[in-house]
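S.K.: could you look at this predicted model? Sequence included:
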Amino acid sequence: MKKLGFLVITLLVMACNSQRTVLQIPAKQSVEMDYRDFAFYKVQIQNRGYNGLEVSLENKQSGIKVEGFGLGKKGKVEVYVAHANSLVITNNSSTAASLNLEVQEETLGSDLTKAAKVIPFTLRNSTARSIPLIIPDVMNPNLSPLSNSGVSLKVGQEILFREGFRNYLLLRVDESIEAGTVLDVAELLNRRKQELGLN
């Protein structure tokens, strides 16, 4: 897959502390963004279309993906990016994607504050079926079978699941979840459904 770099957008963002942009990604292509003048920055991504996108962070030196997740139709997510990583957004659909993008540099003081409140961890689907989840005001990921999805969520953020016509709380992010933890969503779902008498 061809990877596109949007130099013009990078230059615009580096010229100020915050920049809003409408970004178009052609079908079957990716955009890699690297704001090298920022030691740490926040990106708000809003998918304007009806096709899902893949969002990931890649280490600039090794090219290894350090975090990744799906962004559903009309979904919105906040991503914090360290200087060592670049942000990659991939459009695997057969039509062009459109998204709103807002990049904001974070100061050193807010870096430490925000980093303490945002926990990176992994949602694992160990089953052979998809598991849809709801993360209010962030995204509605559909975990593919036998997959790992990296997320970075604020302390207090709720993760919900749907059963019938109702949404139920699966878990609330708290400081007991350590950075890098892998959570088996199928196990959590089974346990939570038993607690709620849904099995």
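M.R.: Arrived safely, thanks for sending.

S.K.: quick one, domains of this protein?
M.R.: Per automatic domain parsing, the structural domains of the chain span 3-106, 119-196.

S.K.: need the next SSE after the least confident helix or strand in the chain by mean pLDDT, C-terminal direction.
M.R.: Every helix and strand in the chain was compared by mean pLDDT, DSSP states H and E; the lowest is helix 7-14, with a mean of 41. Sequence-wise, the next helix or strand downstream of helix 7-14 (DSSP states H and E) is strand 18-25.

S.K.: in terms of mean pLDDT, which of the domains of the chain ranks lowest?
M.R.: Note on these: lowest mean pLDDT is at domain 3-106, with a mean of 79.

S.K.: who does the most centrally placed residue in the chain form a beta bridge with?
M.R.: With distances taken as CA atoms, centre = their mean, Phe69 lies nearest the centre of the chain, 5.0 Å away. The partner list for Phe69 in beta bridges (DSSP bridges) reads Val55.

S.K.: report the contact partners of it.
M.R.: Residues near Phe69 by CB atoms under 8 Å, 6 or more residues apart in numbering: 54-56, 77, 139, 141, 149-151. (Each C-beta comes from the backbone N, C-alpha and C, glycine too.)

S.K.: show me which of these are buried.
M.R.: Neighbour counting by 16 or more other CB atoms under 10 Å classes 55-56, 77, 139, 141, 149-151 among the contacts of Phe69 as buried.

S.K.: return the closest of these with respect to Gly164.
M.R.: Pro141 (20.1 Å; CB to CB).
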